[in-house]
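Asks: below is the sequence, then the predicted model.
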Amino acid sequence: GIQVEQSPPDLILQEGANSTLRCNFSDSVNNLQWFHQNPWGQLINLFYIPSGTKQNGRLSATTVATERYSLLYISSSQTTDSGVYFCAVRGSGGSNYKLTFGKGTLLTVNP
Amino acid sequence: GAGVSQTPSNKVTEKGKYVELRCDPISGHTALYWYRQSLGQGPEFLIYFQGTGAADDSGLPNDRFFAVRPEGSVSTLKIQRTERGDSAMYLCASRFGPDQSGNQDGYTFGSGTRLTVV
């Protein structure tokens, strides 16, 4: 099946810093989503972005489908941004109905 | 409803007991998924329903796990003879349908049920 790799696995920032999280995937995709998992375990959808660029406040994401990667940008980070960020993809091949997740990036933003 | 609802939010059970976890998807969503997340890992696929039928149950770890969706809406994940290794966060997601495109293709997750087997 499709493989999803996220980097870095851990990231520690000071409040106000910017960061870039990366997601590489091994095959063509019909869907790519970025999620933020809060301390209570809920997965909050940040972006649905199988291709192109989107922005939502301090967050933006870019997916270059032809090169099989996606980037999540966090600007002017805040302590509330802390948590695990997951990239998840749905492959365009035969089993094309389920999301496959990466292992996540654990972000800690210190005050 | 407005979102995906999962109950209970937390469940502590003794080894060997039977548990049921419930998922109430977004109204009208035809596709429903169960995922399991162990500590420090990403969610892993368990089972997918399209309507009332389980279209793919290849992620269920063994025959102690079973899920139903009898009316094509609410789903129940059932675990028999629980083991300590079953302790995890169980997440449910719903989606509009396999042929949709654009944002209607996005998956919405519930808050999960944290299962602890002692």
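Replies: Done, it's in. Numbers count the residues shown, from 1 in each chain, chains lettered A, B, ... in the order given.
Asks: residue of chain B nearest chain A, please.
Replies: Per Cβ to the nearest Cβ, B:G42 is where chain B lies closest to chain A, at 3.4 Å. In short, each C-beta sits where N, CA and C put it, glycine included.
Asks: from B:L77, how far off is that residue?
Replies: From B:G42 over to B:L77 the distance is 19 Å, taken as Cβ to Cβ, to the nearest Å.
Asks: which residues touch residue 16?
Replies: Picked chain A for this. Taking Cβ atoms under 8 Å, 6 or more residues apart in numbering or on different chains, we find A:G16 in contact with A:76-77.
Asks: oops, wrong one, chain B.
Replies: Residues near B:G16 by Cβ under 8 Å, 6+ apart: B:81-82.
Asks: assign it to helix, strand or coil.
Replies: Look at B:G16: counting by DSSP: H, G, I helix; E, B strand; the rest coil, its state is coil.
Asks: repeat for B:E71
Replies: With three-state DSSP as the basis, B:E71 sits in coil.
Asks: can you give me the neighbour number for residue 46?
Replies: By default, I'm working from chain A. 20 (other Cβ atoms under 10 Å in any protein chain shown).
Asks: could you do chain B instead?
Replies: B:L46, neighbours per other Cβ under 10 Å, totals 22.
Asks: for it, what are its contacts?
Replies: Counting by Cβ under 8 Å, 6+ apart, B:L46 touches B:33-36, B:57, B:59-61, B:65, B:67, B:77.
Asks: could you rerun that using 6 Å?
Replies: By Cβ atoms under 6 Å, 6 or more residues apart in numbering or on different chains, the contact list for B:L46 reads B:34, B:36, B:59-60.
Asks: do the same with A:N110
Replies: A:Q14.
Asks: spatially nearest residue to the residue nearest the centre of chain B (excluding sequence neighbours)?
Replies: In chain B, the centroid-proximal residue (Cα atoms, centre = their mean) is B:W34; its distance is 2.8 Å. Nearest residue to B:W34, sequence neighbours excluded (Cβ to Cβ, 6 or more residues apart in numbering or on different chains): B:L46, at 4.2 Å.
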